[in-house]
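1. 3D model of this:
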Amino acid sequence: PGACLHALRWGFMQGHKARAHMWALWVALLHCVWIPNAEASPVSSFTPESLHVTFRKHDFVLVHFSVPECESAKQLALVLDKIAPSFEARMALGTVDCVAHPKLADTHKIKAFPTLRLFKKQAGDLWKESDFTQAFTERKIRHFLTAETAPLVTILKTEAEVVAWAKGLDAAVIGFFPDNGVPDYAVFEEIAQELNQKLPHMPDVLFAAVFRRFADAGSFSNLGPPTSVHVATFHPVPAQIEGPLVADTLRTFVLDHTRNAVHEVTPENYHQIIEADLPIVWLFVNHVTDSIDDGLAEGFFSRADVLQSQLPALLILERVAQRYRHVANFLFLDGEEYPTMPSLFGLPGDVFPAVAAEDNRGQRFKMQDQLTEGTLEQFVVGLINNLLHPHVRTDPVGGVPHYEDGVLVVTGETMHTHVLQPSVDVLIQFHAPWCGH
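-> Alright, predicted model coming up:
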């Protein structure tokens, strides 16, 4: 509009009214066709009304719940602008300004900003909601959207399709079968359906299949015998299993080779982790400079994100986690950046590495021994078998029991030894020193 007004003013100054209108028209066309609009975005701005209409028209709707002053939300908006062209054919993408539309945030129970939520239409008018809980990187968001909108099993026919499909995925499983009527493929579909439900701390696993009967055999360098069955994983640990397939064996194979044994705790995944119904083993390290998201197996640990002095501890945790990953979650956290966490377990907060744990009942434990693979495994076995003595916040115990007027003064530690263990009844008064009563 400004350019058009300038052209009109110039024309009138020259006394050419008709020519002025023509110049204004040409300038408008130039701006529309040749000059890109820097403010245009492929991501819509949703209002309550437009979001309602979008739900009626689409099977997948990605919504960025945001507030204008949030820097993280601004960065996420840039990422969504970048990936939107790749997904706009499959879903609607948009942002909700929760300051302008607070009722939308209340309706959808948004508790933090930014929140990135994918709505997937189910049978009838029901919708399934999936929140993205990892770091807001382009690669991770692309994998999340691909996994959430992909078919149960993607059918591939050429080697180029296999390579393109697996590229950039966090966890990819591909099966090679004679055709889609063999019993092995039915087992493959069964496990794909089962693991299609999101598991705690497990990346979305994508499944694909190649049927030799329908594939372009000439495009494969090695497609295998016509009647053979094998399943391969690409990420994070390449591996292969031969048929015939059994559900339990295939499930274990997929779980062992598509998820990392150790996970870094970040603000984005913290709530998902603590809600998992498994005991947690914590390793507190220092100087983690960036999120480690590619696994900690020795063959895949390549980034210098942890001080060299911490690397042996992480590898010890990884080796023990490989053996007990099905009965506990193994996590590591930068104890210097989040000093409150070590203190909850009675750890000093300035000595790293340090190990602690918590069980399903919320009891906390700290490992007293020096960290070795043997001491850590003993600690983990004690955790899962309820053999550890829980840590409680306590005043110093002292050398002998302390009495005042013939009454034993109990601290957090002596509560366990003098009150909970004796075989006699104990009458105890809980009080606060500042209470006048």
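
2. all contacts plus neighbour counts: C-alpha atoms, from now on.
-> Will do.

3. quick check: Ala217 touching Thr158?
-> Yes - in this structure, Ala217 is within contact of Thr158 by Cα atoms under 8 Å, at 7.5 Å.

4. so where is the stretch 51-200 of the chain shaky, pLDDT-wise?
-> Applying pLDDT under 70 to the stretch 51-200 of the chain flags the ranges 168, 170, 197-200.

5. what ranges do the helices span in it?
-> Here the stretch 51-200 of the chain has its helices, by DSSP state H, counting those that start in this stretch, at 71-87, 102-107, 138-149, 159-166, 183-195.

6. those helices: which one's closest to Lys120?
-> helix 138-149 (8.3 Å; Cα to Cα).

7. give me the buried positions along the closest one.
-> The neighbour-count check on helix 138-149 (16 or more other Cα atoms under 10 Å) flags Lys140, Ile141, Arg142, His143, Phe144, Leu145, Thr146, Ala147, Glu148 as buried.

8. angles on the backbone of the nearest residue to Ala105 once chain neighbours are set aside, please.
-> Spatial nearest neighbour of Ala105, excluding adjacent residues (Cα to Cα, 6 or more residues apart in numbering): Cys98 at 5.8 Å. With angles defined as degrees, to the nearest 10, Cys98 sits at phi -80, psi -10.

9. is it true that Cys98 touches Thr107?
-> No - with contacts counted by Cα under 8 Å, Cys98 stays clear of Thr107, the gap being 11.0 Å.

10. who has more neighbours out of the two?
-> Cys98 (20 against 8; other Cα atoms under 10 Å).

11. give me the number of residues near Leu126?
-> Leu126 has 10 neighbouring residues, counting by other Cα under 10 Å.

12. over to the one 3 residues further on?
-> A count of neighbours around Glu129, defined by other Cα under 10 Å, yields 14.

13. go ahead and confirm it touches Thr115.
-> No - when contacts are counted by Cα under 8 Å, Glu129 is not listed as touching Thr115 (11.9 Å).

14. ok, which pair from the buried residues of helix 138-149 is furthest apart?
-> Every pair of these checked by Cα to Cα; the farthest is Lys140 and Glu148, at 12.2 Å.

15. out of the helices of the stretch 51-200 of the chain, the one nearest Trp434 is which?
-> helix 102-107 (40.7 Å).

16. which helix or strand contains the nearest residue to Glu377 once chain neighbours are set aside?
-> Once flanking residues are discounted, Glu377 sits nearest to Val320: 6.2 Å by Cα to Cα, 6+ apart. Element membership of Val320, judged by DSSP states H and E, is helix 311-324.

17. okay, that helix in PDB with CA atoms only?
-> Only the C-alpha atoms of helix 311-324 are listed here, as PDB (Å, rounded to 0.1, in the frame of the first residue of the first chain):
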ATOM      1  CA  LEU A 311      32.800 -40.100  30.500                       C
ATOM      2  CA  PRO A 312      33.800 -43.300  32.400                       C
ATOM      3  CA  ALA A 313      30.900 -42.900  34.700                       C
ATOM      4  CA  LEU A 314      28.400 -42.500  31.800                       C
ATOM      5  CA  LEU A 315      29.800 -45.600  30.200                       C
ATOM      6  CA  ILE A 316      29.500 -47.600  33.400                       C
ATOM      7  CA  LEU A 317      25.900 -46.500  33.700                       C
ATOM      8  CA  GLU A 318      25.300 -47.500  30.100                       C
ATOM      9  CA  ARG A 319      26.700 -51.000  30.600                       C
ATOM     10  CA  VAL A 320      24.600 -51.600  33.700                       C
ATOM     11  CA  ALA A 321      21.500 -50.100  32.100                       C
ATOM     12  CA  GLN A 322      21.800 -52.500  29.200                       C
ATOM     13  CA  ARG A 323      21.200 -55.400  31.600                       C
ATOM     14  CA  TYR A 324      18.400 -53.800  33.700                       C
END
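
18. and after that helix, which helix or strand comes next?
-> Scanning onward from helix 311-324 (DSSP H and E), the first element met is strand 329-334.

19. ok, and what's touching the next helix or strand after that following strand?
-> Remark: after strand 329-334, the chain's next helix or strand is helix 340-344, criterion DSSP H and E. Here helix 340-344 makes contact (Cα atoms under 8 Å, 6 or more residues apart in numbering) with Phe284, Gly335, Pro348, Gly349, Arg364.

20. do you know which of the helices of the stretch 51-200 of the chain lies nearest Pro267?
-> Using Cα to Cα, those put helix 71-87 closest to Pro267, at 12.1 Å.

21. any idea how many residues pack against Glu404?
-> 7.

22. and it, how close does it get to Leu315?
-> As judged by Cα to Cα, to the nearest Å, Glu404 and Leu315 stand 50 Å apart.

23. next, give phi and psi for the residue nearest to Asp184 when sequence neighbours are not counted.
-> Closest residue to Asp184 apart from its sequence neighbours, by Cα to Cα, 6+ apart: Leu245 at 5.4 Å. Per-residue torsions, Leu245: phi -90, psi 140 (degrees, to the nearest 10).

24. pretty sure Leu245 sits against Glu189.
-> No - assessed by Cα under 8 Å, Leu245 is found out of contact with Glu189, at 11.2 Å.

25. possible to save the helices of the stretch 51-200 of the chain as TSV with distance to Thr252?
-> TSV is the format used below for the helices of the stretch 51-200 of the chain (distance: least, Cα to Cα, whole Å):
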stretch	distance to Thr252
helix 71-87	32
helix 102-107	40
helix 138-149	20
helix 159-166	21
helix 183-195	10
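
26. quick one, which of these is nearest to His230?
-> In terms of Cα to Cα, the element of the helices of the stretch 51-200 of the chain nearest to His230 is helix 183-195, at 9.3 Å.
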